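Novice: Mind looking at a prediction? Sequence and model below.
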Amino acid sequence: SKFEQTYIMIKPDGVQRNLVGAIIARFEQRGFKLVALKMVHATPEHLEKHYEDLKGKPFFPGLIKYMASGPVVAMVWEGLDAVKTGRSMLGATNPLASAPGTIRGDYALAVGRNIAHGSDSVESAKKEIAHWFPEGIVQYRSLLEDVIFE
Ligand code: DAT
Ligand code: MG
């Protein structure tokens, strides 16, 4: 649906490397609508919940430490197939396999420092949006809707 939403998060390394503007610009230019945005220095507990499916993986403690090391930029982007297209814009989890032209393929080298997160399904997007934006998100009509969609 053209109102599908995905949770995109710029990780602490993306913030430190001043990539916030570049990443936001990619989503804006692709045609997505920004519906939520904030900077958060998340607690380990909050991040453990976000990554609960990965609990038990050998890299889990390091992942939580890295994600809690500084602020992240939490965003919700809306548009046609936002979840899948968001993932393809991010590139593969391991930057070694991320194509040039993707966010990870252009800006990252190491799997444990891969710049940004994107929801992997509509169902996890809903969970992640509720987890990061319990206060709710705004609703507004994009004036570009009739130009960007059929
Ligand atoms: P993705 O972020 O592409 O959805 P994921 O959900 O499988 O990937 O893993 C979450 C994050 O955990 C990933 O962005 C980076 C880190 N990670 C995944 N696999 C890893 C590994 N083998 N070594 C180190 N970090 C890893
Ligand atoms: Mg994931």
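Specialist: Now that the structure is in, tell me what you want to look at. Ligands and ions are numbered 1, 2, ... in the order given.
Novice: burial of the closest residue to D81 other than its chain neighbours, as a residue count?
Specialist: Excluding the flanking residues, the one nearest D81 by C-beta to C-beta, 6 or more residues apart in numbering is E4, at 6.2 Å. The way it works is simple: take the backbone N, C-alpha and C, and place the C-beta from them, glycine included. Neighbours of E4 under the rule other C-beta atoms under 10 Å: 18.
Novice: can you give me the helices in the protein?
Specialist: In the chain, the helices defined using DSSP state H lie at 12-16, 20-30, 44-50, 60-67, 82-90, 103-107, 122-132, 145-148.
Novice: For ligand 1, find the nearest of those.
Specialist: When these are compared by C-beta to the nearest ligand atom, helix 60-67 sits nearest ligand 1, at 4.8 Å.
Novice: helices and strands around the closest one, which ones?
Specialist: Applying 3 or more C-beta pairs under 8 Å, 6 or more residues apart in numbering; DSSP states H and E, we find helix 60-67 packed against helix 12-16, helix 44-50.
Novice: returning to what we had before: now mean pLDDT and distance to ligand 1 too, for the helices of the chain, in TSV please.
Specialist: Output for those, formatted as TSV (pLDDT from 0 to 100; distance: least, C-beta to the nearest ligand atom, whole Å):
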stretch	mean pLDDT	distance to ligand 1
helix 12-16	98	11
helix 20-30	98	14
helix 44-50	98	9
helix 60-67	98	5
helix 82-90	98	7
helix 103-107	98	8
helix 122-132	98	9
helix 145-148	93	26
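Novice: for P12, what are its contacts?
Specialist: Applying C-beta atoms under 8 Å, 6 or more residues apart in numbering, we find P12 in contact with 66-67, 69-72.
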